[in-house]
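Participant: predicted model and sequence below, questions to follow.
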Number of protein chains: 2
Amino acid sequence: MRYLGALILINLLSGCAKEEPIQIDEDTVRDPQQLFEWKLVTSWPKNFPGLGTAPENFARLVERMSAGRLKIKVFGAGQLVPAFEVFDAVSQGITEMGHGASYYWTGKAEETVFFTGVPFGLNAQEINGWLHYGGGLELWRELYEPFNLVPFAGGNTGVQMAGWFNREINSMEDIKGLKMRIPGLGGEVITRAGGTSVTMPGNELYTSMQTGVIDATEWVGPYNDLALGFHQVAKYYYYPGWHEPGSMLEFIVNSDAFEILPDDLKAIVEVATRAVNQDMLDEYTAKNNQALAELIREHGVKLRKLPEPVLSEFRKLSKQVLMEISTRNDLSKRIAESVQNFKEDAMTYHLISEEAYYQARRASSD
Amino acid sequence: MRYLGALILINLLSGCAKEEPIQIDEDTVRDPQQLFEWKLVTSWPKNFPGLGTAPENFARLVERMSAGRLKIKVFGAGQLVPAFEVFDAVSQGITEMGHGASYYWTGKAEETVFFTGVPFGLNAQEINGWLHYGGGLELWRELYEPFNLVPFAGGNTGVQMAGWFNREINSMEDIKGLKMRIPGLGGEVITRAGGTSVTMPGNELYTSMQTGVIDATEWVGPYNDLALGFHQVAKYYYYPGWHEPGSMLEFIVNSDAFEILPDDLKAIVEVATRAVNQDMLDEYTAKNNQALAELIREHGVKLRKLPEPVLSEFRKLSKQVLMEISTRNDLSKRIAESVQNFKEDAMTYHLISEEAYYQARRASSD
């Protein structure tokens, strides 16, 4: 190893320059026209709408922008590694990249949950603001650094639905004994409310609902839920999603693989993640309503709203759960404080902007 | 001129391939390492927060991703051309690129207004969905093609504020005789309500308010409005913004300049616009509330909500105005239908997702 000088890593989008000296092995000083071939493993079925097509779009953008110098081959869940081993595979350098959701890795570090989203937390617009202008991304990088991973925002589903249920939810009594697939802190809330929460990949949910292994499942929203056919195995479709208000997906890159890229390819990878991050939300925004209409009109799905007393109890339990996870260690405390401060600001402003506008637009007085 | 074969322009993000044969002059078949130097003119003061820093960020991203092969120099309003001559300058090839807002160019074609946004129309999340997955971008390109321009989404401010007023708005009587700076169809609504609307660039607004040339002005929202100092020259700050619910900014590229770029630089320009488009909204989302708090606490700004009867009358007038503009010609009809259909879908779904979530999150029952 020899010190090659201070490479300036420019945080391009914020316009702030940070000087970070990097140790680079001489082997890594390469021909700028060198070709790279990467593998990208995902937690989703190959080409699954939105979740699975986003990494394919990412790979296509990178290849085109780099004029073929960085080719990325995308693998669906189970093709190279199982859905829930994406983190380990990229961390260990088995593949260079992954696409998944940070809250699948709470077994590695509980705080990962904050970067997908928490119950009654930030919606899509807000979590993007927090990550890119509220200090969130820096905290995410600090959390992933010991795992040899560089995280990037990797798409957002928007507010998710509360999920599919084979019993009506009229009161908290109906949560007791409920077996529900629900990852992240939402699962902990369901457990504290007397239910049982499980985490399993999307491709196992249909059969699990069909065979009664679970009584309920959340997945994403109409566009994705229609694709998995939940209307065939569940009676009721509940809203609003309280547990995942703006689920942020993630791209993760093995740090060693990232560092040996020439600077232009580093920038191409980073900017392509930003473009795909926005693009996924655009797709969900455009397609959710048509899918919901199809579910209701063609498949007779019964759309239900969670009763306010149930939402209220979920809010209380969510506060407890968040409070506990927020005091585990210094990093979890800093992350929780950062996201909580951002949320209070965002709620105050969105009350007179986004929410006030939704009301003003649909007011039925005329 | 000679025909070089069908270059495949791939609409990368949607994954759809469209074959478009392009006539290329032999002079344009160049060394792939050729350097390009572009000028980008804007409608904003140089480096103005958000609006003005976005094109600077864009230029930095492009230069880094292209390893310096495409350098873009950014000019503030008036440095090279005035704020409202950006469209003409890029159309005529005086500069290769511009950054502004499409509704400044209604003198060229009235339908440009749809691509910034219309009263009671799409918010930021929705207009992104419409442009990129609802057919909006294709219509925008069709509209700009005769002007020799390629448009791209170029950032979003989120829901804007209703604006700064030197009189209280208690009823429609207070709109009569009001001289207000308000561009786009919002201005037409104010005129029909008995006021007078004017359009002028941001850098003229402070003085115009101070000298009484105008009684009211909208600009953007707290983050930008604080920077222009409107609290020093206006008494009341009104919400919600009804006239610009998710103002989309635009990057425009001269078609000839774009076509001679090698394919990787074309992709780099396109993907950088997508990243910056998201990034600007992130910045506003993170900074609006702090600015609003400063306006209220430190500058004693009086925050007011527009009365429902006034909003209701604005809705009625907006429908009239939209109806008229929607029937002018075939293209305006197709654009209006496309955006209206998208809006109906988005409203239906956002009632049970984004809006229902805002309510569920802040419910005060606990």
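Facilitator: It's in.
Participant: just to check, A:His243 is in contact with A:Gly184?
Facilitator: Yes. Counting by C-beta atoms under 8 Å, A:His243 does reach A:Gly184; the two are 6.8 Å apart. Any C-beta I mention is one placed from the backbone N, CA and C, and that applies to glycine too.
Participant: who touches both of those two?
Facilitator: A:Pro119 (C-beta atoms under 8 Å, 6 or more residues apart in numbering or on different chains).
Participant: can you give me the helices in the stretch 101-250 of chain A?
Facilitator: A:124-133, A:136-144, A:184-192, A:205-210, A:222-228 (DSSP state H, counting those that start in this stretch).
Participant: indicate which one of the ones you listed is closest to chain B.
Facilitator: helix A:124-133 (3.2 Å; C-beta to the nearest C-beta).
Participant: could you find the closest non-adjacent residue to A:Thr196?
Facilitator: Using C-beta to C-beta, 6 or more residues apart in numbering or on different chains and skipping the chain neighbours, the partner closest in space to A:Thr196 is A:Lys179 (4.8 Å).
Participant: let me know the pLDDT of A:Pro32.
Facilitator: At A:Pro32, the model reports a pLDDT of 71.
Participant: hang on, I meant A:Leu122
Facilitator: Looking at A:Leu122, its pLDDT is 98.
Participant: what of A:Ile268?
Facilitator: 98.
Participant: and it, how far from A:Leu61?
Facilitator: Distance of A:Ile268 to A:Leu61, given as C-beta to C-beta, to the nearest Å: 8 Å.
Participant: out of those two, which sits in the more crowded spot?
Facilitator: Neighbours were counted for A:Ile268 and for A:Leu61 using other C-beta atoms under 10 Å in any protein chain shown; A:Ile268 has more, 30 against 26.
Participant: please point out which parts of the longest helix seen in chain A sit buried.
Facilitator: Assignment by DSSP state H gives helix A:263-297 as the longest helix of chain A. For helix A:263-297, the neighbour count (16 or more other C-beta atoms under 10 Å in any protein chain shown) marks A:264-289, A:291-292, A:295 as buried.
Participant: do stretch A:101-121 as well
Facilitator: A:101-106, A:108-121.
Participant: now render the helices of the stretch 101-250 of chain A as TSV, adding mean neighbour count.
Facilitator: Listed next are these as TSV, based on neighbours: other C-beta atoms under 10 Å in any protein chain shown:
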stretch	mean neighbour count
helix A:124-133	26
helix A:136-144	20
helix A:184-192	24
helix A:205-210	18
helix A:222-228	23
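Participant: and of those, who's closest to B:Val86?
Facilitator: Nearest to B:Val86 among the helices of the stretch 101-250 of chain A is helix A:124-133 (26.3 Å), distances taken as C-beta to C-beta.
Participant: so how far is that closest one off the chain centroid?
Facilitator: 12 Å (C-alpha atoms, centre = their mean, to the nearest Å).
Participant: hey, C-alpha coordinates of that helix in CSV?
Facilitator: Taking Å, rounded to 0.1, in the frame of the first residue of the first chain, the C-alpha atoms of helix A:124-133 are listed here in CSV:
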residue,chain,number,x,y,z
ALA,A,124,-41.5,9.1,0.7
GLN,A,125,-41.0,12.8,0.1
GLU,A,126,-39.9,13.3,3.7
ILE,A,127,-37.5,10.3,3.9
ASN,A,128,-35.8,11.5,0.7
GLY,A,129,-35.4,15.0,2.3
TRP,A,130,-34.0,13.5,5.5
LEU,A,131,-31.5,11.3,3.7
HIS,A,132,-30.2,13.9,1.3
TYR,A,133,-30.6,17.2,3.2
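Participant: name the helices or strands packed onto that helix?
Facilitator: Secondary-structure packing of helix A:124-133 (3 or more C-beta pairs under 8 Å, 6 or more residues apart in numbering or on different chains; DSSP states H and E): helix A:136-144, strand A:149-156, strand A:248-254, helix A:330-352, helix B:124-133, helix B:263-299.
Participant: which residues are contacting it?
Facilitator: A:13-14, A:115, A:117, A:121-122, A:136-137, A:140, A:153, A:156-159, A:246, A:248, A:277, A:281, A:338-339, A:342-343, A:346, A:350, A:354, B:124-125, B:158, B:278-279, B:281-287.
Participant: quick check: residues of the stretch 151-300 of chain A near chain B?
Facilitator: Contact residues, the stretch 151-300 of chain A versus chain B (C-beta under 8 Å from any C-beta of the partner chain): A:158-159, A:161, A:221-222, A:239-242, A:245, A:262-264, A:267-268, A:271-272, A:274-279, A:281-290, A:292-293.
Participant: quick one, what contacts the residue nearest to A:Leu61 when sequence neighbours are not counted?
Facilitator: Nearest residue to A:Leu61, sequence neighbours excluded (C-beta to C-beta, 6+ apart): A:Ala272, at 4.4 Å. By C-beta under 8 Å, 6+ apart, the contact set of A:Ala272 is A:58, A:61-62, A:65, B:271.
Participant: ok, the nearest residue to A:Gly155 once chain neighbours are set aside to B:Lys108 distance?
Facilitator: Nearest non-adjacent residue to A:Gly155, counting by C-beta to C-beta, 6+ apart: A:Met280, 3.2 Å away. Using C-beta to C-beta, one gets 34 Å for the distance from A:Met280 to B:Lys108.
Participant: what's the answer for A:Phe147, then?
Facilitator: 53 Å.
Participant: same question, A:Gly93
Facilitator: In terms of C-beta to C-beta, A:Gly93 sits 54 Å off from B:Lys108.
Participant: go on, A:Asn277?
Facilitator: 33 Å.
Participant: just A:Pro146 next, same as before
Facilitator: As judged by C-beta to C-beta, A:Pro146 and B:Lys108 stand 56 Å apart.
Participant: now swap in A:Asp256 and tell me
Facilitator: Applying C-beta to C-beta to A:Asp256 and B:Lys108 gives a distance of 52 Å.
Participant: equivalent analysis for A:Gly100, please.
Facilitator: Distance from A:Gly100 to B:Lys108, by C-beta to C-beta: 46 Å.
Participant: apart from its neighbours in sequence, what residue is nearest A:Lys71?
Facilitator: A:Lys71 sits nearest to A:Glu37 (C-beta to C-beta, 6+ apart), 5.0 Å away.
Participant: now do the one you found against chain B, distance only.
Facilitator: 18 Å (C-beta to the nearest C-beta, to the nearest Å).
Participant: surely A:Ala275 meets B:Asp279?
Facilitator: No. Counting by C-beta under 8 Å, A:Ala275 stays clear of B:Asp279, with 10.3 Å between them.
Participant: what ranges in chain A fall below the confidence cut-off?
Facilitator: The model of chain A has pLDDT under 70 over residues A:1-30, A:364-366.
Participant: kindly report the domain assignment for it.
Facilitator: Domain segmentation of chain A under automatic domain parsing yields A:2-156+A:246-285, A:163-245+A:290-327.
Participant: so which of these is the most surrounded?
Facilitator: domain A:2-156+A:246-285 (a mean of 21; mean count of other C-beta atoms under 10 Å in any protein chain shown).
Participant: which ones among the contacts of A:Ala272 map onto helices?
Facilitator: Using DSSP H, the contacts of A:Ala272 in helices are A:58, A:61-62, A:65, B:271.
Participant: check contacts around the nearest residue in space to A:His243 that is not next to it in sequence.
Facilitator: Distances taken as C-beta to C-beta, 6+ apart put A:Gly186 closest to A:His243, at 2.9 Å, once the chain neighbours are dropped. Counting by C-beta under 8 Å, 6+ apart, A:Gly186 touches A:119, A:197, A:218, A:242-244.
Participant: CSV for those residues, including distance to B:Glu313?
Facilitator: As requested, these are exported to CSV (distance: C-beta to C-beta, whole Å):
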residue, distance to B:Glu313
A:Pro119, 40
A:Ser197, 50
A:Glu218, 42
A:Trp242, 36
A:His243, 40
A:Glu244, 39
